[in-house]
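J.: Quick one: sequence and predicted model below, then my questions.
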Amino acid sequence: MERISLRKENGVALIIALIMLLILTLIGVSSISTTTFETNISGNERVGTVAFYASEAGFQVGVNQLPDTNLISRKEFGEDSYYSSRFTSFGSHMREGFDSSWTFRRFQVSAIGEAFSAKKEIEAQVSYGPFPSGTEYNN
């Protein structure tokens, strides 16, 4: 019967330690990569939110200037963010609950917000009134 010698296994502990070190290094690199990716996502979300708020500001400014439908050119909204608004008039219309002596005007307000490289647009139709029929407000 032949005896198995343990002396031939001197480097096994070193090889196991190196393999464990390699596995831990791969886990660390993967964690860093995931963290960087998640940081980029949250930064993009923040920029998109700022652009949305800028477009919301443009929309509110636009609604407040109705019935004036002059274009609102690019205006600064905070640091590195801007808004602009444009209008479309759809003319007069009637609404339920009002007789024919009253009329409303319908507008479409479109606002664009920009922040860094992101753009967001809000578009809504607004009913403006009531006005007495046949007055300058509904022409």
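T.: Looks like it came in fine.

J.: Spatially central residue for this protein, please.
T.: The C-alpha lying nearest the average C-alpha coordinate of the chain belongs to residue 48 (C-alpha atoms, centre = their mean; 3.1 Å).

J.: In this protein, what residue spans correspond to helices?
T.: For the chain, applying DSSP state H gives helices covering 12-65.

J.: what stretches of this protein score poorly on pLDDT?
T.: 1-9, 136-139 (pLDDT under 70).

J.: Return the residues in contact with the residue nearest to the centre of the chain.
T.: Counting by C-beta atoms under 8 Å, 6 or more residues apart in numbering, residue 48 touches 115, 118, 120. For the C-beta atoms, the positions are set from N, CA and C on the backbone; glycine is no exception.

J.: For the second one, which non-adjacent residue is spatially closest?
T.: Closest residue to residue 118 apart from its sequence neighbours, by C-beta to C-beta, 6 or more residues apart in numbering: residue 51 at 4.1 Å.

J.: For residue 66, see how far away that neighbour is.
T.: Noted for residue 51: a distance of 24 Å to residue 66, by C-beta to C-beta, to the nearest Å.

J.: ok, the two, which is more surrounded?
T.: Using other C-beta atoms under 10 Å, the more surrounded residue of residue 51 and residue 66 is residue 51, with 24 against 14.

J.: I'd like the distance between the more buried one and residue 120.
T.: Distance from residue 51 to residue 120, counting by C-beta to C-beta: 4 Å.

J.: overlap in contacts of the two?
T.: Shared contacts of residue 51 and residue 120, defined by C-beta under 8 Å, 6+ apart, are found at residue 113.
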